[in-house]
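Enquirer: What would the 3D arrangement of this be:
(one chain, ligands or ions: 3)
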Amino acid sequence: MADLIGEEKIRALARNLLAEDRVDVVIGFERGTLPLRASPVFIRDAGDADRLIWDCFCENNLARYLISLNSQRVALVAKGCDTRSVVALLQERQIHRDRVTIIGVPCPRMVNRRRVMEEAGGEIRYARLQGADLYLEGREFRKTLKKDDFLYPSCTACTHRNPVIYDFLVGEPVEEESVGEDPWIAFEKLPDHERWARFSREIAPCIRCYGCRQACPMCYCTECFVDSTSPRWIDKGLDLSDIQVWQIVRTLHLAGRCVGCGACERACPVGVNLFYMHGKLNQELNSLFAFETGIDAGAPPPLATFSPDDPEQFIR
Ligand code: SF4
Ligand code: SF4
Ligand code: SF4
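Expert: Numbering: from 1, shown residues only. Ligands and ions are numbered 1, 2, ... in the order given. The predicted structure follows:
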């Protein structure tokens, strides 16, 4: 189902790191229990390294787990966006570089399994990758789809598939051109009132499960503003205005910190489109400050720094 050479290298590295007691745990992916699924896995025994896999369904951003394992020596199987998160978390002093070993893997772009399931038109019982194609079998159908027609929006727009930081690199670097338009571009073309209408329409199904927050490597506050009772910023119900506040404030909290991985959108059980909002803010940060989160460890995040010479009054 995957690039076996890459998989074998990941397994060998994990096996050695654990056997030589250089790390306590290797975080990677294992085959999911359903077709089209890979699950995060925490390998602590060198004998379990063969469980590790690598393919275009390894969609979670594994940097999400680093803060909770801060006291341990962790090896992380990391694609481009995961490594950007590592850089951002290091800049925010949330993790220690000497406790993280990065097994960098160039990313094949992740496949949107929900769209594949819709296209299949029935329950998929078996799936395998055949080069650039995806072969599917169900009780009453057999189909072959072109994998690249079913990528996540974050992955068609991605220009940083190669790890930006690593201790080991598995596989050859890949080209970094985007293969599709970033979803914020279509959103920006709308007149203001239509933008608000579209935003309100799209977030209306949100059930405030906070899966997006839990999947995001940069949403790590001990107490999120939505959970605070003193002060209480927002009610607990599903009133549209409360959902709007939740989505807008969360998006703004990610300004200059979002790495564009799309993990939040993928985690949403009701399919709320979130990525275009983060993409738009990322584009603003890029055009105003020539800044991209997690690319250059030496570049100070614009919203976490100031200049005493700033011409604006608010800074003095
Ligand atoms: S955002 Fe880029 S690096 Fe991350 S999963 Fe998608 S294509 Fe891969
Ligand atoms: S807000 Fe979404 S796209 Fe941005 S870093 Fe978090 S999970 Fe990734
Ligand atoms: S994961 Fe989806 S439903 Fe849950 S809070 Fe986020 S946007 Fe709302």
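Enquirer: contacting residues for C258?
Expert: Going by Cβ atoms under 8 Å, 6 or more residues apart in numbering, C258 touches 218, 278, 281-282, 293. Backbone N, C-alpha and C define where each C-beta goes, glycine included.
Enquirer: hang on, it in a strand?
Expert: No: applying DSSP: H, G, I helix; E, B strand; the rest coil, one finds C258 to be coil, outside a strand.
Enquirer: thought R99 was touching L76?
Expert: No: with contact defined as Cβ atoms under 8 Å, R99 does not count as touching L76 (10.6 Å).
Enquirer: can you list the contacts of C258 in CSV and add distance to D182 and pLDDT?
Expert: Output for the contacts of C258, formatted as CSV (distance: Cβ to Cβ, whole Å; pLDDT from 0 to 100):
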residue, distance to D182, pLDDT
M218, 19, 98
H278, 10, 95
L281, 12, 93
N282, 9, 94
T293, 15, 97
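Enquirer: Can you add neighbour count and give these back as a markdown table?
Expert: As requested, the contacts of C258 are exported to a markdown table (neighbours: other Cβ atoms under 10 Å):
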| residue | neighbour count |
| --- | --- |
| M218 | 25 |
| H278 | 25 |
| L281 | 19 |
| N282 | 24 |
| T293 | 26 |
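Enquirer: which ones among those residues are found in helices?
Expert: Among the contacts of C258, DSSP state H puts 278, 281-282 in helices.
Enquirer: re earlier: which one of R99 and L76 has more residues nearby?
Expert: Applying other Cβ atoms under 10 Å to R99 and L76 shows that L76 carries more neighbours, namely 25 against 15.
Enquirer: What separation is there between V116 and ligand 2?
Expert: 21 Å (Cβ to the nearest ligand atom, to the nearest Å).
Enquirer: can I assume that residue sits in a helix?
Expert: Yes: assessed by three-state DSSP, V116 belongs to a helix.
Enquirer: can you list the residues of the chain near ligand 2?
Expert: Residues of the chain lying near ligand 2 by Cβ under 6 Å from any ligand atom: 61, 215-218, 254, 258-264, 278.
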